[in-house]
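Sequence and predicted structure are below.
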Amino acid sequence: MSQQSQPDNVKPFLTASVHDVRYFATLLRGIGFSNRASVTLRADGGITVTVEEARTLLATSYIYPDHFDEWSYNVDGLQAAPSQLSAPDVDRESTTLEIPLNTLIDCLNIFGTANISSSSTGSKRKKWRRADEGSDDERGEEGQPPNANRLDQYFGSNEKRTSMRLSYAGPGHPLTLLLAEDSAGPTTTCEISTFDPEPNIELPFDADQTVLKIIFKSSFWLRDALSELDPSCDKITFIGNPVEDVQRAQRGIPAKPFLRIQATGAFGSTEMDYPNDREVLETFECSRSVNVSYRFAHISRTLRALQNSTKTSLRIEDEGLLSLQFLVPVPKPRGGMSDSFIEFRCLALDDDVAQ
């Protein structure tokens, strides 16, 4: 599709600006495993970016209007480029386009200041064990308590930052970025081709059918576990049991785990058990025994989002659909913090859905 630059006399359909693109880039990198991205612009909902993989994994990043210094959604300015055969269908609430996500991320980092350094802090964390090894309690614990909010350190420095003004005139027009390192420094304009969106797979999560719901008090409990796994693992299994079942365990019979994450590959299996401890799990709800497996290559796609999140919500519905939601704190332009989310939904391996 040929693209037309936005004329100077055209008021953009969308205008948004931020003084620091680092958090914006972080939310995009969290789902940057696929280049084809559907972008939905909403008057009151901000920007929603969605990617998918293998018709099995769906990832969505939510970027809300209050994350921007400026947010203007001017539906009266929506117009088609001269290359369009017909006028666009006007939806006053939202519009969707498709972009090459990696190109957008590269543009944001054109001055090399869009990255957040993520030097790890000391943390008290669970260790993987072989399936035939003793429990974590028998082996003891190591390390120091984690820093619950690792993002605070990122926005308090005097590092150079890139500011951005984003605009979009409508179907057939490019997504235009005006980037500057500082008010007295160089500026650059990037125009990214946009395309008509192709439908993504729909994976609706039925909250009423949830059989396992867990909120990790800090994302490091899951992040460190997944980071240590051998990339050659084939599948990862989430095992959960109701509190009542675990407490009824008889003497001499190995107790069922509240939550167990098991990874299986060509070289054997490893597992990690989590206690129902408020220092680890802020919420634990399990209505029946759950034993569901997923392709590890899909679950590992969440690591980038995990690295910059502070809390993680894990839910599994009756048919095995997995929902992972990551809470990402974002500084507001006028002070304070706001919350954004990155969500992954993944289909279970058909032969591993517990009935």
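Arrived safely.

Isn't residue 194 up against residue 99?
Yes - in this structure residue 194 lies within contact range of residue 99 using Cβ atoms under 8 Å: 5.6 Å. For glycine as for every other residue, the C-beta is placed from the backbone atoms N, C-alpha and C.

Tell me the buried residues in stretch 177-186?
Of the residues in stretch 177-186, 177, 179-181 count as buried by neighbour count, 16 or more other Cβ atoms under 10 Å.

between the residues you listed, which is closest to residue 343?
In terms of Cβ to Cβ, no member of the buried residues of stretch 177-186 lies closer to residue 343 than residue 177, at 25.1 Å.

roughly how far is the strand or helix carrying that closest one from the heart of the chain?
Here residue 177, judged by DSSP states H and E, is contained in strand 175-180. When C-alpha coordinates are averaged (Cα atoms, centre = their mean, to the nearest Å), strand 175-180 and its chain have centres 24 Å apart.

And stretch 41-50, by the same measure?
That offset, for stretch 41-50, works out to 15 Å (Cα atoms, centre = their mean).

shared neighbours of residue 194 and residue 99, anything?
residue 175 (Cβ atoms under 8 Å, 6 or more residues apart in numbering).

thinking again about what came up before, need the mean per-residue confidence for the strand holding residue 177.
Regarding strand 175-180, the rounded mean pLDDT is 96.

How about residues contacting it?
5-6, 12, 21, 39, 97, 99, 104, 107-108, 110-111, 162-168, 186-192, 194.

Quick check on the residues you listed: which are buried?
6, 12, 21, 39, 97, 99, 104, 107-108, 110-111, 162-168, 190, 192, 194.

In strands, which of those appear?
When these are checked against strands (DSSP state E), the matches are 39, 97, 99, 163-168, 190, 192.

and those as TSV, adding distance to residue 346?
Output for these, formatted as TSV (distance: Cβ to Cβ, whole Å):
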residue	distance to residue 346
39	22
97	25
99	23
163	36
164	31
165	36
166	30
167	35
168	31
190	33
192	28
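
quick one: the helices in the protein?
22-29, 101-108, 136-139, 220-227, 243-247, 296-299, 303-307 (DSSP state H).

how about the fourth one: buried residues?
It stands for helix 220-227. Using 16+ other Cβ under 10 Å as the test for burial, helix 220-227 gives 220-226.

which helices and strands does it pack with?
Applying 3 or more Cβ pairs under 8 Å, 6 or more residues apart in numbering; DSSP states H and E, one finds that helix 220-227 makes contact with helix 303-307, strand 311-317.

Hmm, residue 52 and residue 33 touching each other?
No - taking contacts as Cβ under 8 Å, residue 33 lies outside contact range of residue 52: 9.9 Å.

can you list residues touching both of the two?
Here residue 33 and residue 52 have residue 59 as joint contacts, going by Cβ under 8 Å, 6+ apart.

in the protein, which helix or strand is least confident?
Every helix and strand in the chain was compared by mean pLDDT, DSSP states H and E; the lowest is helix 136-139, with a mean of 46.
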